[in-house]
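# Make a model of this:
(chains A and B)
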Amino acid sequence: MKAQYLKNVATLRYDAAKCIGCGRCAEVCPHAVFAVEDRLARVVDRDRCMECGACALNCPTGAIAVHAGVGCAGAILLGMITGKEPSCGGPERREDGASGASCC
Amino acid sequence: MPPATVRKLSGTLGPLPPNPAMGSAKEKWVVGILGEGPSAVPRVSTHLRAADRFGTWKSRWTLGRDDYAVLPGLYAVGSPDRTSPVLVTANYKMTFDAVRKELAGVDAWLLVLDTKGVNVWCAAGKGTFGTKELVRRVDAVGLARRVSHRTLVLPQLGAVGVAAHETARATGFRVEYGPVHAEDLPAWLAAGRVATPAMRRVRFDVRDRLALAPAELVFTFKPALIALGAMFLLNVAGLGFYGLVDLYALAGALFVGCVLAPLLLPLLPGRMFALKGAELGLIWAVAVCLLNGWPDAPTLAWPKALAYLLVLPALAGFLTMNFTGSTTYTSPSGVNREMRRSLPAMVVAAALGVLLLLGDGVAALFAR
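You can find the predicted model right below:
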């Protein structure tokens, strides 16, 4: 897939000094942002990062940090209005009888 | 990093806990029961029936999709034994169906997490497809006593909510991430559980984008009805002169923002979704003017033509921007930046356009 979103915005941070070369980041990233060569991870293309947070969550040494969240205008707009952290609808909302996720 | 200490599962003695999935025993997609008593597991069909496909279709149109779930717990595909792989998935019925239909001829266990009827990726984002629920579910079905190996196969997108190393520490089960798409499961299993680079990438082709169009239209329907209602009320009050042209101009912009721009997404110039949508919206606005005699014999007064040129691109751009929530590649930081840049322009254009559209009514008011 060629589709690319805005450049130079991703909050992905990677500290190679902490990398043990386990390869989890490359395994979980759905956009092939990481590659592992000689037991060391490398960021191949950070502009492909969608900030889903899978790499950071699965890095056993905490070498990766990213401000993860939903890349959804509706959710962010709602977050701006309500002053809360943007999120899709979902179980939390459904429990008070409101509708479920509008996007995902 | 200290070596992971493997905690022993609770409940390793006594009878197996009851499997909540057995509550599904009467479902049409259950083709038998494996084992008896507390060890009983429903065996699911790998064939989708018309009712399953209808359920998927309804969910695509958002009908009943908030309540489209299967019971969590352990299911069987084929005739699994203690050495068979354990595939973990979500309890959204569309997801459950997408997985089982790919498993013809495979013997496996299906461990279904309680994701409140939400698909794997979104549930992982919310944390319901997460380490906590996975650990709890592995324990609740007594998995360590049902299989001899210590490996869980998770969908790759579940990694957004599951930390593999923490799961291993808490359950003794190693996490292996399978392909992103269920349809790649047979090839992945056949290749000795090795993913090709393509299996690790999330796709978003025309087919995927088209599947989302019904839901986009449904979510836009309510605000569109409100706009039409407002136009009708202005007409009745004698302050509006809205007719067929306004109706199709609005409907066209909605179609552009919900269907056409998402479909043509990679072909439209620019990176910002709002820009992509506004481009098509502008083309549509020009088309509406041409359809009404512009430039030679306009049947549309210039304030109205100008209003369309402002409102329709803004509307289409806004709707296309909302499609970021449905894509598989937009980051929150990116959407944030896009909104800060494009929202002011869209609001100003829309406001000026609406003022021009109301202008006729205001003039009528003064003429009285």
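
# contacting residues around residue B:109?
Neighbour list for residue B:109: B:41, B:74, B:75, B:76, B:77, B:80, B:84, B:85, B:86, B:87, B:146, B:147 [criterion: Cβ atoms under 8 Å, 6 or more residues apart in numbering or on different chains]. For the C-beta atoms, the positions are set from N, CA and C on the backbone; glycine is no exception.

# what residues does the stretch 251-368 of chain B put near chain A?
B:265-266, B:271-273, B:321-322, B:324-339 (Cβ under 8 Å from any Cβ of the partner chain).

# residue of chain B with the smallest distance to chain A?
Shortest chain B-to-chain A distance, computed as Cβ to the nearest Cβ: residue-wise this is residue B:325, at 2.9 Å.

# and that residue, how far is that from residue B:100?
Distance from residue B:325 to residue B:100, counting by Cβ to Cβ, to the nearest Å: 28 Å.

# Quick check: residue B:96 vs residue B:172, distance?
Using Cβ to Cβ, which is the criterion applied here, residue B:96 is 26 Å from residue B:172.

# again, but for residue B:132
Separation of residue B:132 from residue B:172 (Cβ to Cβ) stands at 16 Å.

# now the helix or strand containing residue B:341: mean pLDDT?
Element membership for residue B:341, per DSSP states H and E: helix B:332-367. In this model, helix B:332-367 carries a mean pLDDT of 86.

# So between residue B:96 and residue B:172, which is more surrounded?
residue B:96 (25 against 17; other Cβ atoms under 10 Å in any protein chain shown).

# and the more buried one, what does it touch?
For residue B:96, the contacting residues are B:70, B:89, B:90, B:110, B:112, by Cβ under 8 Å, 6+ apart.

# Repeat that for residue B:277.
B:256, B:257, B:261, B:313, B:316, B:317, B:318, B:319, B:320, B:321, B:323.

# try 7 Å this time
Residue B:277 makes contacts with B:256, B:257, B:261, B:316, B:317, B:319, B:320, B:321, as judged by Cβ atoms under 7 Å, 6 or more residues apart in numbering or on different chains.

# pretty sure residue B:282 belongs to a helix, no?
Yes - Residue B:282: assigned to a helix according to DSSP: H, G, I helix; E, B strand; the rest coil.

# and the residue nearest to it when sequence neighbours are not counted, what does it touch?
Among residues not flanking residue B:282 along the chain, residue B:313 sits closest, at 4.4 Å (Cβ to Cβ, 6 or more residues apart in numbering or on different chains). Each residue near residue B:313 by Cβ under 7 Å, 6+ apart is listed here: B:278, B:281, B:282, B:285, B:349.

# what's the distance between residue B:313 and residue B:293?
Taken as Cβ to Cβ, the span from residue B:313 to residue B:293 is 21 Å.

# re earlier: show me just the buried residues among the residues of the stretch 251-368 of chain B next to chain A.
Applying 16 or more other Cβ atoms under 10 Å in any protein chain shown to those, the neighbour count classes B:265, B:272-273, B:321-322, B:324-339 as buried.
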